[in-house]
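Novice: Build me a structure from this.
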Amino acid sequence: MNEELKKTRYSEQELEEFKDLILKKIAVAKEELFTLASALNVSNTNGTDDTGVAHQTLEDGAATLERESVNQLAARQRKFIDQLELALMRIGNKTYGICRETGNLIAKERLMAVPHTTLSMAAKLRQN
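Specialist: Next up is the predicted model:
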């Protein structure tokens, strides 16, 4: 039987490793969110004042579509940051890495790939 399945929680050293990983991911995610927010704040000044009405309408439609897309990406990024911050809270209260469905430890490899997860692979597969 796998050693990780026998343990009831990760060691302080392992939790510290996960904390470092999560803090790095939060920093990168916040930079990306800042970039997305900056893109939303840039006004659309493409110089379409002298173009025909039909062309200007197409330009406005494309700009609106792009703005909606950037808004969706920003919302997903905010949610990702929130999930990472919740993972930091779980590290703080020593419940990080414990599957919320099975109560078993989530594989370290999974946590390294998806550090905000709260489900083991078995629980995730059952969910689908």
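
Novice: Helix, strand, or coil at the most centrally placed residue in the chain?
Specialist: The centroid of the chain falls nearest to F80 when counting by Cα atoms, centre = their mean (2.5 Å). With DSSP: H, G, I helix; E, B strand; the rest coil as the basis, F80 sits in helix.

Novice: do the same with the one 3 residues further on
Specialist: In three-state terms, and counting by three-state DSSP, Q83 is helix.

Novice: give the contact list for the residue lying closest to it once chain neighbours are set aside.
Specialist: Distances taken as Cβ to Cβ, 6 or more residues apart in numbering place H116 nearest to Q83, at 4.0 Å, with adjacent residues excluded. For the C-beta atoms, the positions are set from N, CA and C on the backbone; glycine is no exception. With contacts defined as Cβ atoms under 8 Å, 6 or more residues apart in numbering, H116 is in contact with I22, F80, Q83, L84, L86, A87.

Novice: Of the residues you listed, which is the most crowded?
Specialist: A87 (24 neighbours; other Cβ atoms under 10 Å).

Novice: So K7 sits against A107, correct?
Specialist: No: applying Cβ atoms under 8 Å, one finds K7 not in contact with A107, separated by 11.6 Å.

Novice: Just want to know which of the two has more residues nearby.
Specialist: A107 (18 against 13).

Novice: okay, and the helix or strand of the protein with the least pLDDT?
Specialist: Using mean pLDDT, DSSP states H and E, helix 3-6 stands out as the lowest-scoring helix or strand of the chain, at a mean of 54.

Novice: before we move on, the earlier item: the residue nearest to the centre of the chain: what's it in contact with?
Specialist: A29, H116.

Novice: Distance of E101 relative to L15?
Specialist: Look at E101 and L15: by Cβ to Cβ, to the nearest Å, they are 21 Å apart.

Novice: Pick out whichever of those two has more residues nearby.
Specialist: Legend: neighbour count by other Cβ under 10 Å for E101 and L15, higher for L15 (17 against 13).
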